[in-house]
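>>> Prediction below, plus the sequence it came from.
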2 protein chains.
Amino acid sequence: MPHIESWIPVPAGSDFTIYNLPYGAFTHEGRARLGVAIGERILDLYAAGDAGLLEGFCDRALVMAPSLNPLLAAGPTVWKALRLRLAALLRGDDRGDAALRERNTGAFLVDQATASMVVPMEIGDYVDFYSSLEHATNLGKLFRPNSEPLLPNWRHMPIAYHGRSSTVVIDGTPIVRPNGQRKPAAADAPVFGPSQRLDIELEVGFVTGPGNRFGEPISIAKTREHIFGLVLVNDWSARDIQAWEYQPLGPFLGKSFATTISPWIVTLDALEPFRASGPKQEPEPLHYLRASDRGAYDISLAVDLSTAKMRAAGTPPLTIARTNFKELYWSMSQQLAHVTVNGTQIRPGDLYASGTISSSGAEAQGSLIELTQNATQPIHLPDGEVRGFLQDGDEVTLRGWCLQGDFRIGFGAARGVIAPARP
Amino acid sequence: MPHIESWIPVPAGSDFTIYNLPYGAFTHEGRARLGVAIGERILDLYAAGDAGLLEGFCDRALVMAPSLNPLLAAGPTVWKALRLRLAALLRGDDRGDAALRERNTGAFLVDQATASMVVPMEIGDYVDFYSSLEHATNLGKLFRPNSEPLLPNWRHMPIAYHGRSSTVVIDGTPIVRPNGQRKPAAADAPVFGPSQRLDIELEVGFVTGPGNRFGEPISIAKTREHIFGLVLVNDWSARDIQAWEYQPLGPFLGKSFATTISPWIVTLDALEPFRASGPKQEPEPLHYLRASDRGAYDISLAVDLSTAKMRAAGTPPLTIARTNFKELYWSMSQQLAHVTVNGTQIRPGDLYASGTISSSGAEAQGSLIELTQNATQPIHLPDGEVRGFLQDGDEVTLRGWCLQGDFRIGFGAARGVIAPARP
């Protein structure tokens, strides 16, 4: 990897090196604009497009739109051309194009610290998979203690369900503790009230590019042409609501109240150097799920927790979980091939989340229900507090990054603080 | 009910009397336009708005949009004003307004027979309930023969799952038999291929009007202000794919390949004379699901089946099922109060389907798996053919109507013919 630097300062350890160039959206005078993160700044794509800086590389309408959907629909050839142009404008060496630097750069650059980020795409369908072998096994043991933890279908297909697209929210949105029905084990009937078992799920999701035609599957070899990039996903889960409602049609209100995504979509092009081999699959999947190339990505993931008390005392957050996206049993390509094998149509801007990413080992589980064994082994925080599930005021931060030597790209954060339930 | 007639001819038995005035969308020079059905014609709302015929009653932008979403967002006061204006323009007596009749009516009226209808709203989230006691009991017996058919949660809440919004298609769209995984009972591993157990589900769905704020539930007393109207829904189901995939996260590819809706949204205002009491609920639901007024609607429903052979021979379709929407255990108001009780946001244009509507009695089940007891008691067709599940070339038509004496409104049809699976 040649060492390239941007003329825009990029602090050491930043997720947003010139190798990354992830896409997001921020509000400008009450309207959404697209941007690309670089160091601690955002390159305003609306302004760049309007000033003609992308002319000949990308139709300006694609970057001046209020959401990514038109660019998502444009496909990989356009994405690659735009990426090369942005890299040329932002790199500081003699292979760069100084067209941007020679302007009043204040008109094109926004500080991330003061920007108000919004969900950058209109999400058509949101699907949540269940693709971690360790997570599915762990949850099976907890939810169905008297049966085989992994159901017979699990190793044959990437199990999934449709989630709620209206409540996908951006990093930093407060999460109001949901009210709902739960049934205490000893009770005859359910009770209504705030969830007592509010949890997280550490996931990574992919955002789709061009859709397929209704009725026409996407073969596994073509799936990457339909994937634009990835975000961190926190699939907040009310375990008590979920446990009572989920049979026989799956999770509903236990999940639908909120799903947090990180503000920057890291593109598949940026992630290409981090392709990896996933776990061996046994038995071998059916033909439509067989891929000839490496389908995993080496993305380090972490979950940080801080309580209101910790923040008031200046105590730094505690990292409670560390795992890696490459541990997933089912790859994104397998997931997308499966979704469309029955002819289902995908559209630009769909979100497909991985399911909780757990692996083996201590503190390598992506949910509190696993980390604390359903609150029977609570987490001990540095200030003496303990947590089984989340309390009001707790803040959870998901982080994700890729590292090879000093070559780093990352996702930023997906944060949420728990607000009290509505009375 | 006073007898009112339109100056536009309405044949006897028509679903589209002046009492109805349902909304749909049709293509005009390659673009979608909104319209209202009357007799065998469509009043072109784009043309009517453009000509100023609705001025003072409804912002013309709402009816000149290419989808119903802006009108859906506008809310009940606007809906009622527009309904009164349309009735005045279309009624033929001296209480009507002759403004439309005095123009070149050819510019405002389109023949339904030649119109190409499209899904009239952009659907955000699509939810499918499971609100028929008889259906849930029947399916429990078939899918879980060794346990109590009705799960313990069923009488406490309207069980539901999120479905696929990208594959909601309009009346008449061919339904390609889906490929997928199924596991024969005697086999060790699943096989891949066309579904062998393709089924229908007879449902009614409601389309939402204005959304709520993220985090703020809609109380059951306010739910009707957020419901615009109803459509027929055929939730096509591949029973073999569904049976193998549905545990533990619910139906996915067994349902996602297609869902057919009828082209006309019959408004809650038009349905008001057909309000009815639903079944007694035992035990009494939790407080947030308790309504003080009648939540059911008396809508007669039927399923017609014709095979390719029957159509070739000119044999009329056979009505294989008859039931009524008022039989549903959980009302639409209860469904919407439940969906939002955890703070979930609804948006204008969401679709909430009832789940299969079955009742007791012969031929009163809304799916083939129930009507034929999982194909063990196949339906005998008039030409000697038999059907357990659907064969290629079979055409299914859902119909729905309300009748009081000679006062009739209806939904038209939701049809689909089965096309062979892709090779």
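Received it, and whenever you're ready, just let me know what you need.

>>> Now the closest residue to chain B within the stretch 151-300 of chain A. Nearest residue, chain neighbours left out?
The nearest approach of the stretch 151-300 of chain A to chain B comes at residue A:250, 2.5 Å away (CB to the nearest CB). Using the backbone N, CA and C atoms, a C-beta is placed for each residue, glycine as well. Of all residues not flanking residue A:250 in the chain, residue B:250 sits nearest, at 2.5 Å (CB to CB, 6 or more residues apart in numbering or on different chains).

>>> Now do the same contact list for the one you found.
Residue B:250 sits next to A:161, A:246, A:248-251, B:161 when contact means CB atoms under 8 Å, 6 or more residues apart in numbering or on different chains.

>>> Just checking the helix or strand bottoming out on mean pLDDT in chain A against chain B, any contact.
Here the helix or strand of chain A ranked lowest by mean pLDDT, DSSP states H and E is helix A:133-143, holding a mean of 92. Yes: judged by CB under 8 Å from any CB of the partner chain, helix A:133-143 comes into contact with chain B through A:140, A:143.

>>> average model confidence for the very next helix or strand once past that helix?
Sequence order places strand A:160-162 as the next helix or strand after helix A:133-143, per DSSP states H and E. What strand A:160-162 shows for mean pLDDT is 98.

>>> returning to that earlier point: list the buried ones in the least confident helix or strand of chain A?
Going by neighbour count (16 or more other CB atoms under 10 Å in any protein chain shown), the buried part of helix A:133-143 is A:133-141, A:143.

>>> What of stretch A:311-328?
Result for stretch A:311-328 [16+ other CB under 10 Å]: buried residues A:317-318, A:320-328.

>>> Mind checking which of those residues land in strands?
Among these, the members found in strands (DSSP state E) are A:318, A:320-324.

>>> Quick check: the farthest pair among these?
Pairwise distances among these were taken by CB to CB; the largest, 19.5 Å, belongs to A:318 and A:324.

>>> Would you double-check that residue A:398 falls in a strand?
Yes: membership of residue A:398 in a strand is supported by DSSP: H, G, I helix; E, B strand; the rest coil.

>>> mind listing what the top strand by length along chain A pairs with, with the direction of each?
Longest strand in chain A, counting residues (DSSP E): strand A:407-419. Strand pairing for strand A:407-419, using DSSP bridges, gives strand A:175-176 (parallel), strand A:395-404 (antiparallel).

>>> any chance of those in JSON lines, with distance to residue A:13, mean neighbour count and mean pLDDT too?
JSON lines is the format used below for the strands paired with strand A:407-419 (distance: least, CB to CB, whole Å; neighbours: other CB atoms under 10 Å in any protein chain shown; pLDDT from 0 to 100):
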{"stretch": "strand A:175-176", "distance to residue A:13": "28", "mean neighbour count": "22", "mean pLDDT": "98"}
{"stretch": "strand A:395-404", "distance to residue A:13": "9", "mean neighbour count": "21", "mean pLDDT": "97"}
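
>>> Quick check: buried residues in the longest helix seen in chain A?
Ranked by residue count and defined by DSSP state H, the top helix of chain A is helix A:76-90. For helix A:76-90, a neighbour-count test (16+ other CB under 10 Å) marks A:76, A:78-79, A:82-83, A:85-87, A:89-90 as buried.

>>> Stretch A:217-235 now?
A:217-218, A:220, A:223-224, A:226-235.

>>> Am I right that residue A:222 sits in a strand?
No: the assignment for residue A:222, made by three-state DSSP, is helix rather than a strand.

>>> which residues touch it?
Shown in contact with residue A:222 (CB under 8 Å, 6+ apart): no residues.

>>> For the stretch 1-150 of chain A, list the residues in contact with chain B, please.
A:124-125, A:130, A:140, A:143-144.

>>> tell me which of the residues you listed is nearest to residue B:24?
Among the residues of the stretch 1-150 of chain A next to chain B, residue A:124 lies closest to residue B:24 (CB to CB), at 21.9 Å.

>>> tell me, how many neighbours does the closest one end up with?
22 (other CB atoms under 10 Å in any protein chain shown).

>>> does it really touch residue A:165, like I thought?
Yes: checked against CB atoms under 8 Å, the pair residue A:124 and residue A:165 is within contact range at 6.9 Å.

>>> anything in contact with each of those two?
residue B:165.

>>> For residue A:365, which non-adjacent residue is closest in space?
Closest residue to residue A:365 apart from its sequence neighbours, by CB to CB, 6+ apart: residue A:358 at 4.3 Å.

>>> Mind pulling up the pLDDT for that neighbour?
So residue A:358 comes in at 96 (pLDDT).

>>> what's the answer for residue A:361, then?
Per the predicted model, pLDDT is 89 at residue A:361.
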